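Chemist: structure for the following, please:
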Amino acid sequence: MVVGVQVPDELRYSADHEWARQQGDLVRVGITDYAQDALGDVVFVELPAEGTQVDAGGLLGEVESTKSVSEVYAPIAGVVRKVNTRLSDSPELLNSDPYGEAWICEIEPAEPSALEGLLDAQAYRALTEA
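Modeler: All right, here's what the predicted structure looks like:
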């Protein structure tokens, strides 16, 4: 595990290093601190289009860093209802505030219990330490 990586207890996580947070009827999605640390300095974010239907594990967009390009996957199935357009002008927010200002999109879940299938913080920590 990378030293100093944050894994907030209140979030749920995918094995692909995305996080998910219930926001009323929507689920806010972003990449984890572990993922942004592995990527290095983020220089570009390709956001999904609002209204896009996504499957759990389906492609949401891409994050380009000075090291590589990495795909971002939907942790749950549903419809993209809102995207964080601030990332178009300030992709570096993914490095400085991955769990706050740098969320990628909000998804209306296809199933109300969608988050239950994701990892809790303890399981995600175990994954990143393996």
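Chemist: quick one: pLDDT of Trp19?
Modeler: Listed pLDDT for Trp19 reads 98.
Chemist: that one belongs to a helix?
Modeler: No: when DSSP: H, G, I helix; E, B strand; the rest coil is applied, Trp19 is found to be strand, with no helix at that position.
Chemist: which strands and helices sit next to the helix ranked longest in the chain?
Modeler: Determined from DSSP state H, the single longest helix within the chain is helix 121-129. Under the contact definition 3 or more Cβ pairs under 8 Å, 6 or more residues apart in numbering; DSSP states H and E, helix 121-129 sits against strand 12-13. For every residue, glycine as well, the C-beta is placed using N, CA and C.
Chemist: same thing but 10 Å
Modeler: Counting contacts by 3 or more Cβ pairs under 10 Å, 6 or more residues apart in numbering; DSSP states H and E, helix 121-129 packs against strand 12-13, helix 33-39.
Chemist: what comes up buried for that helix?
Modeler: Within helix 121-129, the residues that count as buried by 16 or more other Cβ atoms under 10 Å are 121, 124-125, 127-128.
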